[in-house]
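Asker: Sequence unavailable; structure follows:
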């Protein structure tokens, strides 16, 4: 019986990899939301694209975006430059999906950054890609590492480091990542710090896909509760986090402005 189960599992793994390798990731359309180009892509296409990026043997930066981040990028020249230099932008907030429909360029799918991250980890285990985790408090990233290993025992996490470090310590972190030659680097320092960090240091690495993941390390560790299914299914995990941490209510002002600007664009569009 164990041998039969093992054979069945190998079939599942083979079929899963086949699903990804057969996905078309060429000529992905780009839609413009608040002056930022966002890939109109499904989650399976996004993961397949990461696999292709790894094979390209250079550094890539992936940004997971929501309306709040789009508004920050639009109003800040430095963030705008960082965004333009990124290699892929994923729509990870329900507001972006709503905006795409209002502007008559509907997205194929909303992509939860947490689900996207877990899909990549699953593929990394099968393909033996190496991963480095950066973010959270030291004890939090250790818990996240432990929880990932429990679910994916063959995963090759070649390093992890907390996200609170001074400039001197940062040099050691960069050197550790560089020596690890990790294929995938998950950076969870919070927006915009994580994308600023990736932009500033990407030249230090030679062959990595670097993905900004916000607070996902905290969620995987169990320190922060994942948003209930109702919110996750509707891309409203950001709203749940505001409800859970009401001192972040100021973010709603930027989101309200986002809604007003999209409505204005819809009104002024040619019929």
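Answerer: Okay, I see it. Note that this is a predicted model, so its numbers are computed, not measured.
Asker: Can you show me the helices along the stretch 1-150 of the chain?
Answerer: Counting by DSSP state H, counting those that start in this stretch, the stretch 1-150 of the chain has helices at residues 2-21, 43-55, 67-75, 77-85, 94-102, 113-127, 138-151.
Asker: buried set for the last one?
Answerer: Buried residues in helix 138-151, counted by 16 or more other Cβ atoms under 10 Å: 140, 141, 143, 144, 145, 148. For the C-beta atoms, the positions are set from N, CA and C on the backbone; glycine is no exception.
Asker: Including pLDDT, could those go into a markdown table?
Answerer: As requested, the buried residues of helix 138-151 are exported to a markdown table (pLDDT from 0 to 100):
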| residue | pLDDT |
| --- | --- |
| 140 | 96 |
| 141 | 97 |
| 143 | 97 |
| 144 | 96 |
| 145 | 97 |
| 148 | 96 |
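Asker: Give me the neighbour count for residue 154.
Answerer: 9 (other Cβ atoms under 10 Å).
Asker: same deal with residue 213?
Answerer: 25.
Asker: so who does it touch?
Answerer: 64, 113, 114, 117, 135, 186, 187, 188, 194 (Cβ atoms under 8 Å, 6 or more residues apart in numbering).
Asker: ok, so of those residues, who is nearest residue 26?
Answerer: Checking the contacts of residue 213 against residue 26 by Cβ to Cβ gives residue 64 as the nearest, at 22.2 Å.
Asker: where's the closest one relative to residue 229, distance?
Answerer: The gap separating residue 64 from residue 229 is 20 Å, by Cβ to Cβ, to the nearest Å.
Asker: Show me which of these two is the more surrounded one.
Answerer: For residue 64 and residue 229, the more surrounded residue by other Cβ under 10 Å is residue 64, and the numbers stand at 26 against 8.
Asker: Can I get the buried residues of helix 138-151 in a markdown table including distance to residue 79?
Answerer: Converted to a markdown table, those look like this (distance: Cβ to Cβ, whole Å):
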| residue | distance to residue 79 |
| --- | --- |
| 140 | 26 |
| 141 | 25 |
| 143 | 31 |
| 144 | 27 |
| 145 | 30 |
| 148 | 30 |
